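**Student:** Got a predicted model here, sequence first, then my questions.
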Amino acid sequence: MTNNGTSGGGVLVAFVLGAAVGAAVALLYAPSTGDETRRKIMEKAKEGRDRAEAAAREGRDFLNRQRDSIKEVVDRGRDAFEQARKESL
């Protein structure tokens, strides 16, 4: 299975943005007063911002975990290489 250059984070951002745009369009076409519509848009924007911040936080946590795992593997590989080099001398 190929990735075709897309990342999970990019898909998540696109989904969140699509949901926000869809919600905004639905609010604009809903029969309500201007004040009520503006209030709803502000609430939805805050919810979207909160979700985006949570997704960004989760993404940073994931990247930090992956970075730590990769560093550990590289360190083990370096140690194994050094050990093999010493044994061959």
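**Tutor:** That came through, no problem. Numbering: from 1, shown residues only.

**Student:** low-confidence ranges in the protein?
**Tutor:** Scanning the chain with the threshold set as pLDDT under 70 gives 1-9.

**Student:** Tell me how far Val74 lies from Leu63.
**Tutor:** According to C-beta to C-beta, to the nearest Å, Val74 and Leu63 sit 16 Å apart. Backbone N, C-alpha and C define where each C-beta goes, glycine included.

**Student:** for the protein, which helix is longest?
**Tutor:** For the chain, the longest helix by residue count, based on DSSP state H, is helix 34-88.

**Student:** from the chain's centre, how far out does it sit?
**Tutor:** 7 Å (C-alpha atoms, centre = their mean, to the nearest Å).

**Student:** Neighbours of Pro31, how many?
**Tutor:** Residues lying near Pro31 (other C-beta atoms under 10 Å) number 6.

**Student:** One more: Glu87?
**Tutor:** 7.

**Student:** any idea how far it lies from Phe81?
**Tutor:** The value you get for Glu87 to Phe81, if C-beta to C-beta is used, is 11 Å.

**Student:** rewinding a little: so what secondary structure elements neighbour the longest helix of the chain?
**Tutor:** If you count contacts as 3 or more C-beta pairs under 8 Å, 6 or more residues apart in numbering; DSSP states H and E, helix 34-88 packs onto helix 8-29.

**Student:** So what touches the helix it packs on?
**Tutor:** Residues outside helix 8-29 that contact it (C-beta atoms under 8 Å, 6 or more residues apart in numbering) are 37, 40-41, 44-45, 48, 51-52, 55, 59.

**Student:** If any of these are buried, put those into a ChimeraX selection.
**Tutor:** Buried residues within those, by 16 or more other C-beta atoms under 10 Å, are selected in ChimeraX with:
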select :37,40,44,48
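
**Student:** can I get the contacts of helix 8-29 in JSON lines with distance to Asp68?
**Tutor:** Below are the contacts of helix 8-29 laid out as JSON lines (distance: C-beta to C-beta, whole Å):
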{"residue": "Thr37", "distance to Asp68": "47"}
{"residue": "Lys40", "distance to Asp68": "42"}
{"residue": "Ile41", "distance to Asp68": "41"}
{"residue": "Lys44", "distance to Asp68": "36"}
{"residue": "Ala45", "distance to Asp68": "35"}
{"residue": "Gly48", "distance to Asp68": "31"}
{"residue": "Arg51", "distance to Asp68": "26"}
{"residue": "Ala52", "distance to Asp68": "25"}
{"residue": "Ala55", "distance to Asp68": "21"}
{"residue": "Gly59", "distance to Asp68": "15"}
